[in-house]
Each structure stands twice: as structure tokens, then as C-alpha cells.
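Undergrad: With the sequence up front, the predicted model follows.
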Amino acid sequence: MILAAAAVAFTTIVTPLAAAPLPEAKPDDVGFSQGGLARMDDFFAREIAAKRVPGAVVAIARDGKLVHYKAYGELDPVKGTPMPLDAIFALASMTKPMAAVGALTLMEQGRLPLQAKLSDYYPAFADMKVGVAQEDGSLLLVPQARPILIHDLYRHTSGLMYGGRPDSSSPVARLYPDGTAPAVEGDTQAFIERITKLPLAHQPGTQFEYGFSIDVLGAVVEKVSEQRLGEYLSNNLWKPLGMADATFAPTDAQRPRLARPFPNDPLTGKPQAIRLLDTPTKSDCGGACSFATVGDYIRFGQMLLNGGELDGQRILSPKTVHHMTSNHLGPEIKNTVATIEPHRAGFGFGLSVAVRTGEGLSAVPGNPGEFSWNGAFGTQFFCDPKERLVVVVGTAAPGDLRKYYREQVQNIVYGAMVR
């Protein structure tokens, strides 16, 4: 207990002042218990003292006001650098909702309908075959029963997948690269040429299969807008919302604020790294390659919670946000969302975000209508419209431990809510 208290004191002392990304409020004023929120301090004190995570930044807002905004532990565990509030995190798949918002702005302009064929933008997708596993382990390649639609990209029903995912039993997986490899190795056109030579894991529109769908959607945004994805997002999302550090390419000035993981996974002892921290990408991959601060991302989440607007800057209409955050996995689509994230029983999937569809089932508290997604390097965000709540967490924890933090943070947040 003394150790935990000391760790909390340490993090409190070293956390530098930073401009709050949203107006601040006392917990009691917006239905939180101060004592309940103090459990977040205790939790990360224990985890940091046990050397299970280097550090974290946590932001919690209700009714558009910050009730908790703190940094814990270390930015760089090798150098011992204290964690600042404006630490920059590799967002991994938390890039996806931002890329999707960019695409939805084009939908609102009548330039990118959901039912458009993907091959209208990149013709090579029309020729992709579906790989059907045979008893001898081989793949039978069959034609697409229907074309891949833009809608399929948003909701991961395109048949595209990631390579090497432990949650996939598909023999197609060994043919696919990992999530960031194409962006490190080549430009957008090289990615399209590489991916269209592979088989699809499923017939389009039949199964949720997590993979490169949003990367391809980002490539479509580039084709329609005639801009790089990062440039389009900067002009239409990041700058209007004041997300000052959001980027696909950290500058020399930003690099000292990049959050870094332990050199070895605390659970397995095996070496671990976040490749993108030191390896620049050659394309702006909409599925995994962006960076931002927790403060930046809570402004993004608050914009969605507000129905597409923040501080007078409208990004999307309320109707578009409602459509984005509704479940798009109908009964005809096999739902494997809980295979990706074990605590997500009772969730469907919208346009790039997981959506809670009912009470119970999930391992964590929440309400139907909650929408969220996380990043493989240790970041987390969720919005609960019923509770007018948005939560963003940044850690540099690329191992399986990151899933533990996702659950415990959500438990602590709802446990601190008293009305």
C-alpha cells in the first residue's frame, strides 16, 4: 500500500501542466465520485510499480467536461523520462475511426456512396477470388458472389484480412502481411497491387473479418479527394478540431514525446517493439499508422458524442454520426467481433466502430449504443451516448496485457459513476 501511494505521489509530481483539451469540471458536478476516480490512480500505481506497463495518460469527460486528465509513470522506460500529458501515442487501429470519418465527409458530399463498388475506384479488386479451404489444407479459389462494396470496407465484411492474427483460423491468413508492413514497404499503389493479388478470406458481405478494409477505404479517400490521406484528414478533421499533434509522420520536434514500451513483454519476457516509432511509413495507412495525444483523441471522441460538432466546428451531421455508430452487421452476416476483443460479447459493428447492441453479455459495464475501438499498441477509446461519456487511454503496451487494461479501465470508470 505504501508502494502504491508512493507511485501515485511520484506521478502527480512529475506530470507537467498542459492545456486541457476540453473544459474541466469537478467530478461531483457531473455524477462521478472523487474517491471512485482515485481508484484509477491506485490501479496504475500498482501496475507501474509491478513493471507491467511503463505509464499511461487517461482522459475522462462527461457532459463535454473533463473530470479526469492525468499522466502516470514513464514515457520512455529505458531513459526514465516522466510521462507528460501531451505524450504522443502510436494509435494503431484507433486510426480507423478517423479514416472512416474522412470517408464519411465525402459521402456527405455525394462523392462516396456506401453502395458503390470498390472496383469503381480500384478495378483490380473485381478480379480477386475467394479462398475456400479444402480438407487437404489447400485453397480452392472461387469467384466473388457479389462485388466488394464501400459499405463492406467500413464494417470489415470485404473478405480482406490481416496476416498472422491469432484469432483467425483461416488458412488465407498466412498469405497476408501484418497490419503496418505495406505502409512501411511502399506507397498506396504498391499496397493495392499487393493486396489484390491475394485471395479473400470470405465472400463479400458474409462475415466480419478484421483486416485491411479501412486501409483500402483510406486509399479510396485518396483517390476521390486527390490528396494523401493525412493531408485530407488534416484539412477536414484534425485542424478544424484543434488536434494539434495528430499525424502520420511525427516531426523531429514531436519525436521526443513518443511513448515507448518496455523492451520486453512483461507477460512473456519476449522482446517487443512498436515498429512505427522508429520506422517511417511510405504511405498513410488508414488502418493503423497515425499518432496523436490523448488530448487530441478525446476531442475527436467528443465531436462524435456531440453528433459531429465541437466548439463550433461541424465535421459530420448528427444523422451521419448516428448511422456510423449503429450496428451494420445484420443477421445474415457472421459476427466475430468478440473473437477480436474477448470482452465484446453483445457487440456488433458500425462504420469502423464496435457498437454495443444489448444489455449484459459483455465483460464490462456500459449501455446499448456505446461505440468504441482500440489500438494494438495499447490505446483505447469508448463513447457512451446514454451517459454522455467519452474515455481515452494511452499506454505503450503492445502485448496481450493491453486487453487487460481495456477491461479494467472501463470497470473503474463505470464504478466511479454515482449518477
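TA: All right, it came through fine. Numbering: from 1, shown residues only.

Undergrad: And the pLDDT for the nearest residue to Ser362 once chain neighbours are set aside?
TA: Spatial nearest neighbour of Ser362, chain neighbours left out: Gly346 (4.7 Å); criterion: C-beta to C-beta, 6 or more residues apart in numbering. No exception for glycine: its C-beta is placed from N, CA and C like everyone else's. Note on Gly346: pLDDT of 97.

Undergrad: What count of nearby residues applies to Gly346?
TA: 18 (other C-beta atoms under 10 Å).

Undergrad: following the longest strand seen in the chain, which helix or strand comes up?
TA: Secondary structure of the chain per DSSP state E: the longest strand is strand 65-76. With elements assigned by DSSP states H and E, the helix or strand that comes after strand 65-76 is strand 81-82.

Undergrad: packing partners for that following strand?
TA: If contacts are counted by 3 or more C-beta pairs under 8 Å, 6 or more residues apart in numbering; DSSP states H and E, strand 81-82 sits against strand 65-76.

Undergrad: Distance from the strand it packs on to the middle of the chain?
TA: The chain centre lies 19 Å from the centre of strand 65-76; the measure is C-alpha atoms, centre = their mean, to the nearest Å.

Undergrad: per-residue confidence averaged over it?
TA: Mean pLDDT, computed over strand 65-76, is 98.

Undergrad: Convert it to PDB, retaining C-alpha atoms only.
TA: Output of strand 65-76 as PDB, limited to C-alpha atoms (Å, rounded to 0.1, in the frame of the first residue of the first chain):
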ATOM      1  CA  LYS A  65     -16.300  18.400 -19.500                       C
ATOM      2  CA  LEU A  66     -13.100  16.700 -18.300                       C
ATOM      3  CA  VAL A  67     -13.400  15.100 -14.900                       C
ATOM      4  CA  HIS A  68     -10.100  13.200 -15.000                       C
ATOM      5  CA  TYR A  69      -7.000  14.000 -17.000                       C
ATOM      6  CA  LYS A  70      -3.800  12.600 -15.700                       C
ATOM      7  CA  ALA A  71      -0.400  11.100 -16.700                       C
ATOM      8  CA  TYR A  72       1.200   8.200 -14.900                       C
ATOM      9  CA  GLY A  73       4.600   6.700 -14.900                       C
ATOM     10  CA  GLU A  74       7.100   7.000 -17.700                       C
ATOM     11  CA  LEU A  75       7.100   8.000 -21.300                       C
ATOM     12  CA  ASP A  76      10.300   6.000 -22.100                       C
END
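
Undergrad: mind checking how far the residue sitting nearest the centre point of the chain is from His322?
TA: The residue lying closest to the centre of the chain (C-alpha atoms, centre = their mean) is Met94, at 1.8 Å. Distance check for Met94 against His322: by C-beta to C-beta, to the nearest Å, it reads 21 Å.

Undergrad: now do Tyr69
TA: 28 Å.

Undergrad: So between those two, which is more surrounded?
TA: Between Tyr69 and His322, counted using other C-beta under 10 Å, the more crowded position is Tyr69 (21 against 15).

Undergrad: now the helices for the protein?
TA: For the chain, applying DSSP state H gives helices covering 2-14, 34-49, 95-108, 150-155, 181-185, 188-195, 213-225, 229-233, 239-241, 294-305, 318-324, 337-340, 401-415.

Undergrad: For Leu85, find the nearest of these.
TA: Shortest distance between Leu85 and the helices of the chain, using C-beta to C-beta, is found for helix 294-305: 6.8 Å.

Undergrad: I'd like to know which elements that closest one is packed against.
TA: Against helix 294-305 (3+ C-beta pairs under 8 Å, 6+ apart) you get strand 55-62, helix 95-108, helix 239-241, strand 309-310, strand 379-384, strand 389-395.

Undergrad: right, and the ones you listed - which one's nearest Ala219?
TA: helix 95-108 (9.9 Å).
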